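Colleague: make a model of this:
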Amino acid sequence: MHPKTSFAFGLAASVLLAACGGNGASVTSAATSPGSMTSAPAITVQPSDQSVSSGQPATFTVTATGTGTLSYQWEKNALPIAGATAPIYTTPAAALGDSGSVFAVAVSNANGSTTSRSAKLLVASGATPAGTDVLTYKNDLSRTGQNLTESTLTLANVNSAGFGLLRNLMVDGKVDAQPLYVSRLIVSGSQHSVVFVATEHDSVYAFDADTGSALWHASLLASGETLSDTRGCSQVVPEIGITSTPVIDRGAGAHGTLYVVAMSKDASSAYHQRLHALDLVTGAELLNGPAEIAATSPTAGGGTSTFSPGQYEERAALLLLNGTLYTSWTSHCDIAPYFGWIIAFSSSTLSRTAVLNVAPNSGGTGPAIWMSGGGPAADSSGNIYLLTANGAFETALDANGFPKNQDFGNSFLKLSTAGGSLSVADYFAMYNEVAESAADEDLGSGGAMLLPDMTDSTQAVRHLVIGAGKDGNIYVVNRDAMGKFNPSGNGQIWQQVSGALVGGVFSTPAYFNGTVYYGDVGGTLKAFTISSAKLTAAAQSQSATQFGFPGTAPAVSANGTSAAIVWAHENSNPAVLHAFDAANLQHEIYNSNQAAGNRDLFGVGNKFITPTIADGKVFVGTTNSVAVFGLLH
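Modeller: The predicted model follows:
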């Protein structure tokens, strides 16, 4: 079922039908006998539209699978290009007359051939900045929250005299998901920088980031359905629709694809969780979606537990890793029964590919996975890292040092994705895990962040993951040997910084240039430097501002290693956007309360908000809008 989509730019009906009905590629294949293992080529990543300045080359790429050697032939305006016989084609320097040209590639082998979609080239006069994309929660799969390509915003020009609120993009519900951003997207023949906004009213919006005009709006409610009620819980109110941050793949589909999970309730009061794939340019539903999210997992003694959509919400951000989408699920206020589900789907078909329950024998008392909106992180080897909340954990261990019933409450988890499956490869649980779970002291109130490779005092390279929760300790864990469980203490992990965050953490930290930034509840924003792969015991600098619940989830903008700014949202009424010198958090260069006449006030605060920074603008979610900040002149 397609979402109900409105178009502010007036796409013709024929274009909409084409976007909904296919990608325009043609396929021919040789016949194969039943049971044959040979296959004709299939394109898994289509060429995407390109926008360049006059005098610059453009690069088109394709990814295909098929038996044996694949051959490639690129075409421009349906005519073969001499010598263009590789998966990647780079044009000569583009002229203004090349604007509007289309490029496609025929891929063939002994069993047949297929032709890609036609990708459009747009050529602009004058120099055009490359542009920055923010396609996933906190910018990257390590969840660092850093954008190192910000050349517009600097320590000198971010001040109340020249920087402030440009506009508020009004939407139909709470914005709990981090806004995402795509630069230089060709929409209806024109280039746009686009901010994508998901709401708890089951809506997704695409706005032109420079003008504020709405490009499209898609409602993900099926016919006759309503938003989910609060399920007797005050955590997400007054309605539950889209809670988690979506993820974007610019190379998927004809124009790029946004993947998002939406909750709803039908006329029979049955609850639904569905995975949607939306075209970036039109908002149309792709891949015959949406896909209903359903799963089962085995329990001890041959039993089975079943995913019940009404018992869960997807608070943690989506993860897209190697063509697979990973969803992870939390309860409503720990209302039993609930379990610890991670459910994986193919990004090219939306079919379910793997299921893991990290609380299969807990009796329905968790742990769940929520991380205050943070997303599971991933390393270059395809391993996934996350923190679980309070719940069952068996201190009696099996022969491999894992809890005997495979219930992983209050733990760092390393998940293997080998062979397309999901399994717990390693873990760390605190020595006092059971007591902290009983006291509702979640480790998983905070999110996990991967640190870049660090060299320790012996010159050994360390691969580390960092996390903190309600107990106020920062845990730094060796990803290659996480430490498992030791009832005598936590000496088996790489480092513990005790009492560093006394207010507790409900956020994912940020990282920049050897420094980790944390904002605990009721505390200051703090900078911990790293030396020899270990954090300093005390913050190097901290803000004068103290942040109430839920603390703050910082993000960093910089131009390489210079002009670094830490951005932080304060959940107050009115909300406040803060900007700090990354080298010294005592130096606040801007906040949205400074300008005269309430010029930069942007609405009521919301919890778990991470600012998005790209191409000279800062986007901040509220209870009914996304505020856009930038240079005023």
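
Colleague: residue 381 and residue 415, how far apart?
Modeller: 12 Å (Cβ to Cβ, to the nearest Å). C-beta coordinates here come from the backbone N, C-alpha and C atoms, glycine included.

Colleague: so between these two, which is more surrounded?
Modeller: Ranked by neighbour count (other Cβ atoms under 10 Å), residue 381 and residue 415 place residue 415 first, with 25 against 10.

Colleague: contacts only, for that one.
Modeller: Shown in contact with residue 415 (Cβ atoms under 8 Å, 6 or more residues apart in numbering): 342, 356, 376, 383, 384, 385, 386, 422, 423, 424, 425.

Colleague: ranking these by neighbours, who comes first?
Modeller: residue 386 (29 neighbours).

Colleague: ok, and the closest non-adjacent residue to it?
Modeller: residue 376 (4.3 Å; Cβ to Cβ, 6 or more residues apart in numbering).

Colleague: who touches residue 367 in this structure?
Modeller: Neighbour list for residue 367: 340, 358-359, 388-393, 407-411, 437, 444 [criterion: Cβ under 8 Å, 6+ apart].

Colleague: and which of those is nearest residue 94?
Modeller: The nearest member of the contacts of residue 367 to residue 94, counting by Cβ to Cβ, is residue 444 at 49.3 Å.

Colleague: count of residues packed around that closest one?
Modeller: The burial count for residue 444: 31, using other Cβ under 10 Å.

Colleague: if we can go back for a sec, and the contacts of residue 415, which is closest to residue 629?
Modeller: residue 376 (29.0 Å).

Colleague: look up how far residue 211 lies from the closest one.
Modeller: 35 Å.

Colleague: so who does the nearest residue to residue 425 once chain neighbours are set aside touch?
Modeller: The shortest distance from residue 425 to any non-neighbouring residue, by Cβ to Cβ, 6+ apart, is to residue 416 (4.0 Å). When contacts are counted by Cβ under 8 Å, 6+ apart, residue 416 touches 382, 383, 422, 423, 424, 425.

Colleague: can you rerun that using 10 Å?
Modeller: Residues near residue 416 by Cβ atoms under 10 Å, 6 or more residues apart in numbering: 356, 381, 382, 383, 384, 422, 423, 424, 425, 426.

Colleague: and if you look at residue 387?
Modeller: By Cβ under 10 Å, 6+ apart, the contact set of residue 387 is 316, 367, 369-372, 374, 376-377, 410-413, 428, 442-448, 465, 467-469, 475, 508.

Colleague: what do you get if the cut-off is 7 Å, keeping everything else the same?
Modeller: Under the criterion of Cβ atoms under 7 Å, 6 or more residues apart in numbering, the neighbours of residue 387 are 371, 412, 443, 444, 446, 447, 448, 467, 469.

Colleague: likewise for residue 186?
Modeller: 49, 51, 120, 122.

Colleague: for the helix or strand hosting it, buried residues please.
Modeller: Using DSSP states H and E, residue 186 sits in strand 180-187. Neighbour-count burial for strand 180-187 flags 180, 181, 182, 183, 184, 185, 186, 187 (criterion: 16 or more other Cβ atoms under 10 Å).

Colleague: what is the most widely separated pair among those?
Modeller: Checking the buried residues of strand 180-187 against each other with Cβ to Cβ, the farthest-apart pair comes out as 180 and 186, at 17.4 Å.

Colleague: thinking again about what came up before, next SSE after the strand holding residue 186?
Modeller: Using DSSP H and E, the helix or strand that directly follows strand 180-187 along the chain is strand 190-198.

Colleague: pull the residues that contact the next helix or strand after that following strand.
Modeller: Per DSSP H and E, the first helix or strand lying C-terminal to strand 190-198 is strand 203-208. Residues outside strand 203-208 that contact it (Cβ under 7 Å, 6+ apart): 169, 171-173, 192, 194-198, 213-220, 258, 260, 278, 283.

Colleague: just the buried members of the residues you listed?
Modeller: Burial by neighbour count, judged by 16+ other Cβ under 10 Å, picks out 169, 171, 173, 192, 194-198, 214-220, 258, 260, 278, 283 from those.

Colleague: shaky segments in the protein?
Modeller: For the chain, the stretches flagged by pLDDT under 70 are 1-37, 125-130.

Colleague: what about 90?
Modeller: Residue ranges of the chain with pLDDT under 90: 1-39, 43-59, 61-66, 93-97, 99-100, 119-131, 188-191, 301-302, 633.

Colleague: out of the buried ones among the contacts of strand 203-208, list just those in strands.
Modeller: 169, 192, 194-198, 214-219, 258, 260, 278 (DSSP state E).
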